[in-house]
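Visitor: Curious how this folds, go ahead:
(chains A and B)
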Number of protein chains: 2
Amino acid sequence: MTYCLGIKTRDGLVMASDSRTNAGFDQVNVARKMHTFEAEGERVFVLLASGSLSCTQSIVTLLDREFREGRGLAAAETFYDAARAVGEQVRRVALLDREALERDDYRFNVHLILGGQIRGQPHELYLIYPQGNPLCASDDSPFLQIGECKYGRPILDRGIRFDRTTLEDASRYALISIDSTMRSNVTVGPPIDLLVYAAGELRVSRYRRFNGKDADLMAIHSQWEAALRKAVQEVPEIDFNPPPDDP
Amino acid sequence: MTYCLGIKTRDGLVMASDSRTNAGFDQVNVARKMHTFEAEGERVFVLLASGSLSCTQSIVTLLDREFREGRGLAAAETFYDAARAVGEQVRRVALLDREALERDDYRFNVHLILGGQIRGQPHELYLIYPQGNPLCASDDSPFLQIGECKYGRPILDRGIRFDRTTLEDASRYALISIDSTMRSNVTVGPPIDLLVYAAGELRVSRYRRFNGKDADLMAIHSQWEAALRKAVQEVPEIDFNPPPDDP
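Guide: Next comes the predicted model:
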């Protein structure tokens, strides 16, 4: 399984992904699920991938080849076109592999998140479905998740606001959301890739990979658990004999 | 959908359930999913139900009839036998309805949680599967969930410890877990039923139903959100240029 998320606020984007991939019960492997396409000063794209690694690798390989040849993501006029360029490669790989997969009862289950910016245009965040169609994040729905997304969702629902959340806070929320998911589900695991993109930068300046034993990540994990327990204690004790409601 | 949970600590049990049930997109109804069977001073059982309301109602009706006739839950010699008595009625209703349901592509998807105590024996907590087989909570896995359980799980994983968590704290965790689920998923909704059972009581003394606009519930909700935001702020800022790891 996988857990990736993208957050879009007024100030920019936060992208994060786990790295666990498994090809069976007794095999836990590591694969990077965050991929960047960068033409400094011109355009930056960050792609997060969930689903069969074989399929997502194919899509990234094809997108990368296009990018180096000045096509696809390199040539898209708008960010919407960029999301469509990703969807086109999703459909191409589906055409190549889907029938053979389904014949053996595997699903073509690729989900992608694309964040970034093209010079002169606003920063954007999209989800691309296995069918290739794109969905855009909005002020009301400022984050997008793929993979094992339920465990890590409540903290985002409580905290992320497009017009108020700083990038520094958004990156804390992203790490906590992934940490919560890893805590509750063994199929999501480190290393964690975290990238913060400030609107207008047009290059990747803040990226970090956290290994499972990263001291900062472990500090965040234990500090968060302690803070949660303290917060629970501060909730008022439940009264089992409340006064009757006013009519 | 539904979300119910039972927590077992050294001191007793906390049982909680939502009340939303829907028979289609435009119909949201309310049904109690918590049922009690009580012979004061002798035995207490609390049953939480998820799955098709028609099937769970049948099971409760049959268990209730048995109980009034001194059979089933009323006659079980151990709590394990009580869990088996519930499983027997699950299998009975499956025999009655499963084939007809599956013919129309409905699943027989009943999950039940049974908590309580028989005099002279320890308090217990079981999950009963749609196939009728029981699973017991343990010191290492002191809570059981049914229905839409992923959203509300991280807070329980972080906080509930069999030998350390007080019943007062466990009931806070239960309410927060349900509140988190309602926040992120519209198919889980109020009223919330909450029951706290202290080991040895052998009667139901602490039960409360929280409506959606219950002032205490709303206070817990907003206080919890504020505490979470504050806790996030207290997590250290993420350093994107950490010193290299020691070799």
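
Visitor: any idea where the strands of chain A begin and end?
Guide: Taking DSSP state E as the test, the strands found in chain A are A:3-9, A:12-17, A:20-22, A:28-30, A:34-39, A:43-50, A:111-118, A:124-128, A:134-136, A:143-147, A:192-198, A:206-210.

Visitor: tell me, which helix in chain A spans the most residues?
Guide: helix A:79-103 (DSSP state H).

Visitor: thinking again about what came up before, could you provide the strands of chain A in JSON lines, with additional columns for mean neighbour count and mean pLDDT?
Guide: The way it works is simple: take the backbone N, C-alpha and C, and place the C-beta from them, glycine included. Supplementary listing: these in JSON lines, determined by neighbours: other C-beta atoms under 10 Å in any protein chain shown; pLDDT from 0 to 100:
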{"stretch": "strand A:3-9", "mean neighbour count": "27", "mean pLDDT": "98"}
{"stretch": "strand A:12-17", "mean neighbour count": "27", "mean pLDDT": "98"}
{"stretch": "strand A:20-22", "mean neighbour count": "19", "mean pLDDT": "82"}
{"stretch": "strand A:28-30", "mean neighbour count": "12", "mean pLDDT": "78"}
{"stretch": "strand A:34-39", "mean neighbour count": "18", "mean pLDDT": "98"}
{"stretch": "strand A:43-50", "mean neighbour count": "26", "mean pLDDT": "98"}
{"stretch": "strand A:111-118", "mean neighbour count": "25", "mean pLDDT": "98"}
{"stretch": "strand A:124-128", "mean neighbour count": "23", "mean pLDDT": "98"}
{"stretch": "strand A:134-136", "mean neighbour count": "16", "mean pLDDT": "97"}
{"stretch": "strand A:143-147", "mean neighbour count": "24", "mean pLDDT": "97"}
{"stretch": "strand A:192-198", "mean neighbour count": "23", "mean pLDDT": "97"}
{"stretch": "strand A:206-210", "mean neighbour count": "18", "mean pLDDT": "96"}
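
Visitor: could I get those as TSV with distance to chain B?
Guide: Listed next are these as TSV, based on distance: least, C-beta to the nearest C-beta, whole Å:
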stretch	distance to chain B
strand A:3-9	11
strand A:12-17	10
strand A:20-22	17
strand A:28-30	17
strand A:34-39	15
strand A:43-50	15
strand A:111-118	17
strand A:124-128	17
strand A:134-136	18
strand A:143-147	11
strand A:192-198	7
strand A:206-210	4
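
Visitor: Please tabulate these in CSV and include distance to B:Gly200 as additional columns.
Guide: CSV is the format used below for these (distance: least, C-beta to C-beta, whole Å):
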stretch, distance to B:Gly200
strand A:3-9, 43
strand A:12-17, 48
strand A:20-22, 44
strand A:28-30, 44
strand A:34-39, 54
strand A:43-50, 49
strand A:111-118, 51
strand A:124-128, 53
strand A:134-136, 54
strand A:143-147, 45
strand A:192-198, 46
strand A:206-210, 47
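
Visitor: Any stretches of chain A with poor pLDDT?
Guide: Where chain A drops to pLDDT under 70, the residues are A:23-28, A:245-247.

Visitor: could you redo the last one with a cut-off of 50?
Guide: Across chain A, residues meeting the criterion (pLDDT under 50) sit at A:246-247.

Visitor: out of the strands of chain A, nearest to B:Gly147?
Guide: Comparison of the strands of chain A against B:Gly147 by C-beta to C-beta identifies strand A:143-147 as nearest, at 20.6 Å.

Visitor: Can you name every helix or strand that that closest one contacts?
Guide: Under the contact definition 3 or more C-beta pairs under 8 Å, 6 or more residues apart in numbering or on different chains; DSSP states H and E, strand A:143-147 sits against strand A:3-9, strand A:43-50, strand A:111-118, strand A:124-128, helix A:153-159.

Visitor: circling back to that earlier point, how about residues contacting the longest helix of chain A?
Guide: With C-beta atoms under 8 Å, 6 or more residues apart in numbering or on different chains as the test, helix A:79-103 has contacts from A:45, A:47, A:52, A:54-55, A:58-59, A:62-63, A:66, A:72-73, A:75-76, A:107-108, A:110, A:112, A:114, A:116-118, A:121-122, A:124, A:126, A:128-134, A:136.
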